[in-house]
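>>> coords below, sequence missing:
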């Protein structure tokens, strides 16, 4: 079951599964991020305020952030499977650019990298020079016990799309 969650002190609202654990209850999370963890797997959802990248189109912007994440993850291989530029009217909240890709990510000094599906919804806020990223990391093959099954992948992908479509920016002052 899902419910609406207030992020960044209520400046953003999004629908997420009720079972997610707020990572800030477990560890320090940067002020520019909200991080949620699935209790039974290593899957996670991150909402992050980023500086807007200067690229020629939205597809490129999503790919840039995907590549940046791959760099941060020390990914040994990456593949963009799909990029979808949404155009529905959403009031003041921009429509998301949605990217689905995969990364091979080495974890905890293991010689065998984890296979991770990355779902990224990017909201470009030109007036504030901000890119807001909603990212879901879903390990499907891991060296530990945190992998998500094929059935689980379908469920968390659904969770991602619900979050991507329901994310609403209520207070643009967050980006001041």
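Nice, I can see it. Predicted, not measured: the structure shown is a model, and the values here were computed from it.

>>> Report how many residues lie close to the closest residue to residue 77 other than its chain neighbours.
Nearest residue to residue 77, sequence neighbours excluded (C-beta to C-beta, 6 or more residues apart in numbering): residue 104, at 4.2 Å. In short, each C-beta sits where N, CA and C put it, glycine included. Using other C-beta atoms under 10 Å, residue 104 has 18 other residues around it.

>>> where's residue 104, which helix or strand?
Using DSSP states H and E, residue 104 sits in strand 97-105.

>>> Same question for residue 154.
helix 150-166.

>>> one step back: quick check: bridge partners of the residue nearest to residue 77?
Beta-bridge partners recorded for residue 104 (DSSP bridges): residue 77, residue 115.

>>> what about it, distance to residue 6?
35 Å (C-beta to C-beta, to the nearest Å).

>>> Now do the helix holding residue 154 against strand 97-105, angle only.
140 degrees (axes from the mean of the first three to the mean of the last three C-alpha atoms, to 10 degrees).

>>> Let me see the residues that make contact with the next helix or strand after helix 150-166.
Next in sequence after helix 150-166, counting helices and strands by DSSP H and E, comes strand 168-169. Taking contacts as C-beta atoms under 8 Å, 6 or more residues apart in numbering, the residues outside strand 168-169 that touch it are 11, 12, 13, 14, 90, 91, 92, 93, 123, 125, 132.

>>> Would you convert those residues into a markdown table that also reports neighbour count, pLDDT and distance to residue 25?
Shown next, in a markdown table, are those (neighbours: other C-beta atoms under 10 Å; pLDDT from 0 to 100; distance: C-beta to C-beta, whole Å):
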| residue | neighbour count | pLDDT | distance to residue 25 |
| --- | --- | --- | --- |
| 11 | 15 | 98 | 20 |
| 12 | 22 | 98 | 19 |
| 13 | 17 | 97 | 19 |
| 14 | 23 | 98 | 18 |
| 90 | 16 | 80 | 30 |
| 91 | 7 | 87 | 31 |
| 92 | 10 | 91 | 30 |
| 93 | 18 | 95 | 27 |
| 123 | 21 | 97 | 26 |
| 125 | 18 | 95 | 28 |
| 132 | 24 | 98 | 23 |
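
>>> Show me what the residue nearest the centre of the chain bridges to in the sheet.
The structure's the chain has its C-alpha centroid closest to residue 135; by C-alpha atoms, centre = their mean the separation is 0.6 Å. According to DSSP bridges, the residues that bridge with residue 135 are residue 46, residue 120.

>>> pretty sure it contacts residue 117?
No. Between residue 135 and residue 117 there is no contact, the gap being 11.0 Å when judged by C-beta atoms under 8 Å.

>>> that older thread, any idea which of the contacts of strand 168-169 is the one closest to residue 113?
Nearest to residue 113 among the contacts of strand 168-169, counting by C-beta to C-beta, is residue 132 at 28.5 Å.
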